[in-house]
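K.L.:
Let's see this in three dimensions:
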Amino acid sequence: MLLKNNSENLRCSQVFRFIYHILGTGTWEQRKLFEVTERVTRKNTQLQSTLPLTISAQYGLIDQNTFFDKQVASRDVSGYYLIKNGEFAYNKSYSKGYPVGTIKRLDKYSEGVLSTLYILFKVTNADSQFLVTYFEGNKWYQEVMKRATEGARNHGLLNISPKDFFNMHLFIPVKSEQYKVGSIILKISCLIAANEQVPKLVIKIVKNSHVNLLLFN
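P.N.:
From the prediction side, this is the model:
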């Protein structure tokens, strides 16, 4: 899912709330991140990968050399984290429109390496696609802001420890509903990027009988 600007991010949040309303508040619950994920700290000691990655808010985890048109990472990447396809990374670097940084899943490559400044994790008790959708929104921002050290923003990095990061609360549906939500929003997100008439399109999709089957069966 590629969200190009704040207005699209806003529309995505609106769609998310719309789907939440459809499913009903009774099936949603509060969970801590560590309850549904597990931190990844594996190092690239055997040089399993020499592909340095970076996080782009727009494009996700991508080849650093291509993104910057030069090698930014150290030539020796044996001390870097090794991230594998399907795992997530949190970039604490904040920028305009992304006040607490970004969280992205590795989808484009089988594996790659990241600086140890990133926080990596894998999903253990949730639907992965749902979490991709969740972290594209901004509901988790406040949780990070509450846990970050006040006034400790240095060199564009938000100061939050892994322990505090994994203690943040998520407000999510029960696992049986997560796949449905993630699938629906994945379809809708493609329309968000291509068409400004999102509210009308969302209504049309939700009224579609196939979508109703996904939601309610």
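
K.L.:
what about Gln58, how many neighbours?
P.N.:
If you count neighbours by other C-beta atoms under 10 Å, Gln58 ends up with 10. In this view, the C-beta of every residue, glycine as well, is placed from N, C-alpha and C.

K.L.:
Quick check: it is in a helix.
P.N.:
No - under DSSP: H, G, I helix; E, B strand; the rest coil, Gln58 falls outside any helix and is assigned coil.

K.L.:
what ranges do the strands span in the protein?
P.N.:
Here the chain has its strands, by DSSP state E, at 28-32, 37-40, 53-56, 60-63, 81-84, 88-91, 102-105, 111-114, 119-123, 153-154, 157-158, 169-173.

K.L.:
do you know which of the ones you listed lies nearest Gln129?
P.N.:
With C-beta to C-beta as the measure, strand 102-105 is the member of the strands of the chain nearest Gln129 (8.7 Å).

K.L.:
ok, the residue lying closest to Lys122 once chain neighbours are set aside - contacts?
P.N.:
Nearest residue to Lys122, sequence neighbours excluded (C-beta to C-beta, 6 or more residues apart in numbering): Glu87, at 4.7 Å. By C-beta atoms under 8 Å, 6 or more residues apart in numbering, the residues touching Glu87 are 40, 105-106, 120-122.

K.L.:
What is the nearest of these to Asn91?
P.N.:
Checking those against Asn91 by C-beta to C-beta gives Leu120 as the nearest, at 10.6 Å.

K.L.:
so who does the residue lying closest to that closest one once chain neighbours are set aside touch?
P.N.:
Spatial nearest neighbour of Leu120, chain neighbours left out: Val40 (3.9 Å); criterion: C-beta to C-beta, 6+ apart. Counting by C-beta under 8 Å, 6+ apart, Val40 makes contact with 81, 83, 87, 120-122.

K.L.:
follow-up on the earlier one: how about TSV for the strands of the chain, with distance to Gln129 added?
P.N.:
As requested, the strands of the chain are exported to TSV (distance: least, C-beta to C-beta, whole Å):
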stretch	distance to Gln129
strand 28-32	17
strand 37-40	14
strand 53-56	18
strand 60-63	14
strand 81-84	17
strand 88-91	12
strand 102-105	9
strand 111-114	20
strand 119-123	10
strand 153-154	32
strand 157-158	26
strand 169-173	12
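
K.L.:
out of the ones you listed, nearest to Leu186?
P.N.:
The minimum distance between Leu186 and those falls on strand 102-105, with 12.1 Å, by C-beta to C-beta.

K.L.:
For the closest one, name the packing helices and strands.
P.N.:
Using 3 or more C-beta pairs under 8 Å, 6 or more residues apart in numbering; DSSP states H and E, the elements in contact with strand 102-105 are strand 60-63, strand 88-91, helix 128-136.

K.L.:
lowest-confidence helix or strand of the chain?
P.N.:
One helix or strand of the chain scores below all others by mean pLDDT, DSSP states H and E: helix 209-216, with a mean of 41.

K.L.:
hang on, the earlier thing: filter the contacts of Glu87 to the buried ones?
P.N.:
For the contacts of Glu87, a burial check counting by 16 or more other C-beta atoms under 10 Å picks out 40, 105-106, 120-121.

K.L.:
Please report how far Ile172 lies from Asp127.
P.N.:
Per C-beta to C-beta, to the nearest Å, Ile172 is found 9 Å from Asp127.

K.L.:
Would you mind listing the residues touching both of these two?
P.N.:
By C-beta under 8 Å, 6+ apart, the residues touching both Ile172 and Asp127 are Gln178.
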